[in-house]
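Novice: Show me how the following folds:
(2 chains)
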Amino acid sequence: MKKYIIKRVFISLITILVLVSVVFALVRLIPGDPFASEKMTPEIKANLERYYGFDKPLIVQYFTYLKNLVTGNLGYSMFYPNLRVNDIIASAFPYSFDLGMRALSMAISFGLILGIVAALNRGKVLDFTCVLIAIIGTSMPDFIIGATLQYFFGIKWGLLPVAQYKGISYTILPSIALGFYTLALVSRVMRANMIETIQQDYIKTAKSKGISKLRVIIKHQIRNAIMPVITILGPIVAALLTGTFVIESIFAIPGMGRHYVQSIQNLDYTIILGMTVFYGSFLVVANMIVDLLYGIVDPRIRVSGE
Amino acid sequence: MKGKKLLAWMLIIILAFSVVGCTTPGSEEPEEPAEEPEEPAEGEEPEEGEEPAEESEKILTYSLTADVPTLDQHLANSIPSATVGHQIFEGLIRTYQGEVRPGIAEDWEMSEDGTTYTFYLRDAQWSDGEPVTAQDFEYSFRRLLDPETASGYAFIGMALKNANAVNKGEVPVEDLGVTAIDEKTLEVELENPAGYFLSMLSMMQFAPTRQDYVEEFGKDYAATAENNVYNGPFVVKEWRHEDRLILEKNPNYWDADSINLDEVHIIVVPDQMTALAMFEDGELDMVEVPAEVVSQYDDQVEYYYNGANDFIKLQMDGSSPLENKDLRLALNYALDRQEFIMLSTGGLYDPNPRYVLPQVNGVDGEYGDEYPYAAYPVEGDVDTALEHLDAAMEALGVSDPSEIELELLTTDVERTRKEAEIIQDDLESKLGIKIDIRQVPYRQRLDMEGAKDFEMVVTGWAPDYSDPMTYLELWTTDSGYNHGSYSNPEYDAKIELARTSTDQQERMDAMFEAEKILLEDGAIIPLQLRRIAMLTNPDLVGFESYFVGLSYEYTYADFE
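Specialist: As a prediction, the model looks like this:
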């Protein structure tokens, strides 16, 4: 087991190293100059390049970056010259994580309910309604949903705050806007799977055994239909939790999303790299945990891995 | 097998859910426990809840599309930083709406030749109670130009004696033209007399700076509210990056009696439409209305010029047919600037038939009023344009205008794409030449511009001080900003005269002559002056806009 864990961790570290190296090279290949401004002169630019160590060979800069990275230091932003990238992530991530979690829990719970209700009322008005919601959710972009919610709940009816993120009431609209697509997706998959399981032999068997209808639905139908839903959740979890630019921008939430876009516009090399390392590590670590749990749950894996 | 993997994912999700279940209250206010009791957040009696709060505390709230990049005096290089810097720091001079008023300097003297100023400081305090000294100014000016500081805004200090040499690292910072004679007396020497220099001293780059703070915090200086010390009308109370910056009235400020606001809340709202919705909801006291919806607020908006002046730089280094003056004039005369602004912004921006921003200071009033000028008719003059085109074709040895092909470089955003297409369409249809549009990201465009790697580029210039020189100094033969390689000895002579003269009338006349020479040479294609439509809370008074260095001035704002 120990060997298995060490191996998984080692592979994860290599993955992150490759990621950092590739991104380090790519960032420098983006055309343009981070110090460029209407008022920049060659002399002032030279001072800035010296200050940030850009006058040194790229390979030296690369190893300096790696050395700092090992100590967990992502450096200072270039656009926000007094801010450490570590601090920027530390202050932005909790917002994105909180919003993502709310969107996710809403999407999963309501998505499942809608899917189940639709499947059980197949062909009836209720099914039609649920399918309609799913179609809206998958076809309407999130910024339209966000702006619509803002207009009605925020401005027209004055029920909820228009933007920002400073209390429970502020979280409702952005969570819905962010989670709506996932909700629709979950309900569609769930509905399809429910309908598929209905025709399975074990359902017929269960019914013929005289088990109550409700029990068949809960114990057999839902339990079997829910597995594929979890498959699609993997990447969605990572995407929702690490911030989305559009929703955070519409609702003025100080999360990670805006940094992805802003840092590239500003050519803020350190933030681009820091965000990539963070996001990449998030995915790598999540996968590693899955693999480790997998190994715990299924001993055959870790034995064959050794 | 697959099922087990799914089970593991499920465990992670459940785990994550339980984690968030515990931390939810904390993560709403990641850095601080809940506050903002005044916000009518839960929708309970919002009207009644707001009134008493406003009476006891006067809070001005406005939004920015991105966080203030820095509040370090010398690393600051943007309008949002300068706007806040103007409130939390005070230099020797304080300007209000461009008017020079005593700041930390109570009084000053200028030498006969206009190059040496002596400032006498008042008894003023920092927010930590320490006195503001001449040494704080000496340190500040030196830090601005010290190559070690690597200030991107160091150019603003180039009027100081030896500034260029100091910034290049050729001479030690001690050689800079600034000397603290004693605690309360500061002497400043300039390279050339500059009538506008006093007003520049109100900018945050010239604000006093505490060496002890800078040395204690190093690179983290000014990163938080606590890592900085203030001497302006307001101090930074709280700074949650990318979220909100809260200023609070500074009780130690020497003129605190004139300050009416208790707090200023600057909120980051990236989306302008959201900001507009928040304004309508009463959450903001001021908002800039996006161009697309200005017409819906026609009767309520106030307009102001933010100083941004857009024009097209032309490459005259010999690599392009634009070296030909007649061709440049043909483009200038052909362009219908009135139609251009109607099509691009629905008339929000103003067409500009000249180069210098008309709002800058002239001899007594505004330069534009004292020296009215339109180098080209605003609606264009096709006949004159075609005459110049014929002359150009002859000189270039071209028989058909379609053989003239020019590349127009611009930034890859929607607004600039639209602008470029309007220009392309107008010039192609009137002159029969060919214009190719090339769109690149903003930073790349600037980089290419600086490297003179363009034929025509849509660009602009915002003033650094309220004087025509801020525009005209770009185009001298030796200027580092002369990316179009323009060179006219007559122009250089006029600028030199304006630089050395201490007679304001003579200076202005010389600069106006220079502006005319530049445009008669067709060295650039002026386009537009940007106008901003702003909505303000009707109870808010004394909230002003300005066009040099900063966008809003609310030092003396109040609620009625």
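
Novice: which ones are touching residue 184?
Specialist: Looking at chain A here, since you left the chain open. A:111, A:133-138 (CB atoms under 8 Å, 6 or more residues apart in numbering or on different chains). Backbone N, C-alpha and C define where each C-beta goes, glycine included.

Novice: wrong chain, I was asking about chain B
Specialist: Applying CB under 8 Å, 6+ apart, we find B:Lys184 in contact with B:120-121, B:133-134.

Novice: Would you mind giving the contacts of A:Ala184 as TSV with secondary structure added?
Specialist: Output for these, formatted as TSV (DSSP: H, G, I helix; E, B strand; the rest coil):
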residue	secondary structure
A:Gly111	helix
A:Ile133	helix
A:Ala134	helix
A:Ile135	helix
A:Ile136	helix
A:Gly137	helix
A:Thr138	helix
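
Novice: returning to that earlier point: ok, which pair from the contacts of B:Lys184 is furthest apart?
Specialist: Spatial extent of the contacts of B:Lys184 (CB to CB) is set by the pair B:Tyr120 and B:Thr133 at 12.5 Å.

Novice: the more surrounded of the two?
Specialist: It is B:Thr133, of B:Tyr120 and B:Thr133, that has more neighbours when counted by other CB atoms under 10 Å in any protein chain shown, with 21 against 16.

Novice: Count the neighbours of the nearest residue to the more buried one once chain neighbours are set aside for me.
Specialist: Nearest non-adjacent residue to B:Thr133, counting by CB to CB, 6 or more residues apart in numbering or on different chains: B:Glu183, 4.7 Å away. Residues contacting B:Glu183 under the criterion other CB under 10 Å number 13.

Novice: looking at it, B:Glu183 is touching B:Ala134, isn't it?
Specialist: Yes: using CB atoms under 8 Å, B:Glu183 is in contact with B:Ala134, at 5.9 Å.

Novice: Check what pLDDT residue 72 gets.
Specialist: Assuming you mean chain A. Note on A:Gly72: pLDDT of 89.

Novice: wait, chain B
Specialist: B:Asp72 is given a pLDDT of 96.

Novice: Over to the one 5 residues further on?
Specialist: B:Asn77 carries a pLDDT value of 87.

Novice: cool, A:Thr138 as well?
Specialist: 88.

Novice: list the contacts for it?
Specialist: Per CB under 8 Å, 6+ apart, neighbours of A:Thr138: A:181, A:184-185, A:188.

Novice: again, only using 10 Å
Specialist: A:180-185, A:187-188 (CB atoms under 10 Å, 6 or more residues apart in numbering or on different chains).

Novice: Please identify which residue in the stretch 51-200 of chain A comes closest to chain B.
Specialist: A:Tyr51 (3.4 Å; CB to the nearest CB).

Novice: pretty sure that residue is touching B:Ala154, no?
Specialist: No: A:Tyr51 lies out of contact with B:Ala154 (CB atoms under 10 Å); the separation is 11.7 Å.

Novice: Of the two, which one has the most company?
Specialist: B:Ala154 (27 against 18).

Novice: Phi, psi for that one please.
Specialist: Note on B:Ala154: backbone dihedrals following degrees, to the nearest 10 are phi -60, psi -30.

Novice: joint contacts of B:Glu183 and B:Ala134?
Specialist: B:Leu121.

Novice: So for B:Asn250, what's the nearest residue that isn't a sequence neighbour?
Specialist: B:Val235 is the one closest to B:Asn250 (CB to CB, 6+ apart), at 4.7 Å.

Novice: give me the number of residues near that neighbour?
Specialist: 23.

Novice: what's the answer for the one 5 residues further on, then?
Specialist: Residue neighbour count, defined by other CB under 10 Å, stands at 19 for B:Arg240.

Novice: surely it meets B:Ile246?
Specialist: Yes: B:Arg240 lies in contact with B:Ile246 (CB under 10 Å); the separation is 8.4 Å.

Novice: what sits in contact with each of those two?
Specialist: Joint contacts of B:Arg240 and B:Ile246 (CB under 10 Å, 6+ apart) are B:225, B:267.

Novice: Let me see the contact set for A:Met78.
Specialist: With CB under 10 Å, 6+ apart, A:Met78 has these contacts: A:34-35, A:48, A:51-52, A:85, A:263, A:266-272, B:69.

Novice: Just the buried residues of whatever helix or strand B:Glu513 lives in, please?
Specialist: Remark: B:Glu513 resides in helix B:504-520, with elements defined by DSSP states H and E. By neighbour count on 16 or more other CB atoms under 10 Å in any protein chain shown, the buried set for helix B:504-520 is B:507-519.

Novice: Noted, bye for now.
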